[in-house]
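J.: Structure, please.
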Amino acid sequence: MKLVENFDIFAPVVVPPEEYFSPGHRACQGCGEVLAVRLVCKALGPNVIISMATGCMEIVSSPYPHSAWRVPWLHVAFENAAAVASGVEAALRVIERKGKIPAKNTHSIAMGGDGGTTDIGLQSLSGMLERGHDVVYVCYDNEAYMNTGVQRSSSTPFGAMTTTSPPGKMSFGQSTWKKNVAEIAVAHKIPYVATASPSYPIDLINKIKRAVDVVGPAYVHVLSVCPTGWRSAGNNSIKLGRLAVESAVFPLYEVKDGKYRLTIDPPKLRPVSDYLKLQGRFRHLTPDLIEQIQKRVTEEYGILKKKCEE
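T.: The predicted structure follows:
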């Protein structure tokens, strides 16, 4: 596997030992989202205020009277994590100007799943990016509304089975292609956008640190394997995250000040079937549909590679 510049995932890296998202939560076995949250929180450190949309992580981490969060954390409505984080950021700047806290010492962070980001929260996310708030937004993308029964979202992949896109005589599953919110964020001309995966933990940590360091809004889109909704084995979550990257279904890249760079560049792409066959949500797909997905993935990866070369 080709590693780009200083993105050596096998190089010694000091990972903070502190846990800001504690064990003892109620996530499912093999949950890729909770692995991502843990790594993101390690990269962020203690000086943060997190605004999190309703979703799986809110449910598993905060059953009254307990909480898995060891940093200031706000549970907000499904659609307004970015709006609340924008307000927190504005308040922090006022308090800094009054000299009550050190300047740029506390960061406002927004978090949401794909439902709270790509669908119901897209308007407030766009507003946050357009206004230039100094906020890091992290989307944990498990590709459906998993918390409420595995309903499809605009982030659900083409052909996937969900409870609202079931395959049958008149349907082959999800009929639309996954919305590319990372590219939507890039279109806002913000300082930093990246994709990441807990299957590549050092890459993920590095990108979160870069996102915090930039002045202005940053967006990080994290693929989060969901064994429950994907109908996959819990012990395959890390493997699936890697297969998504190795097949270019979910390439890992960053865009800093408009310049694209692949951070993990497989020398030879694996067929998408290697990724699909480990998930029950794709078990109904016919060879021609798999070939259609392969063609789309290959085309989009070629477009991304050209952007990186430019």
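J.: which stretches of the protein form strands?
T.: Under the criterion DSSP state E, strands of the chain are mapped to 2-3, 48-53, 73-76, 107-113, 135-141, 167-168, 171-172, 192-196, 218-223, 253-256, 259-262, 264-265.
J.: Among these, which comes closest to Ala244?
T.: strand 218-223 (5.8 Å; Cβ to Cβ). (Each C-beta comes from the backbone N, C-alpha and C, glycine too.)
J.: Check which helices and strands the closest one sits against.
T.: helix 32-44, strand 135-141, helix 181-186, strand 192-196, helix 201-213 (3 or more Cβ pairs under 8 Å, 6 or more residues apart in numbering; DSSP states H and E).
J.: quick one: the helices in the stretch 201-310 of the chain?
T.: Listed in chain order, the helices of the stretch 201-310 of the chain (DSSP state H, counting those that start in this stretch) span 201-213, 227-230, 237-246, 272-276, 287-309.
J.: what comes up buried for the longest one?
T.: In other words, helix 287-309. Within helix 287-309, the residues scored as buried using 16 or more other Cβ atoms under 10 Å are 289-290, 293-294, 297, 300-301, 304-305, 307-308.
J.: Please name every helix or strand in contact with it.
T.: strand 259-262, helix 272-276.
J.: any weak-confidence spans in the stretch 201-310 of the chain?
T.: Residues of the stretch 201-310 of the chain meeting the criterion pLDDT under 70: none.
J.: Go again with 90.
T.: Low-confidence segments of the stretch 201-310 of the chain (pLDDT under 90): 310.
J.: isn't Val225 right up against Ser237?
T.: Yes. Val225 lies in contact with Ser237 (Cβ atoms under 8 Å); the separation is 4.3 Å.
J.: Please say which of the two ends up with more neighbours.
T.: Val225 (30 against 24; other Cβ atoms under 10 Å).
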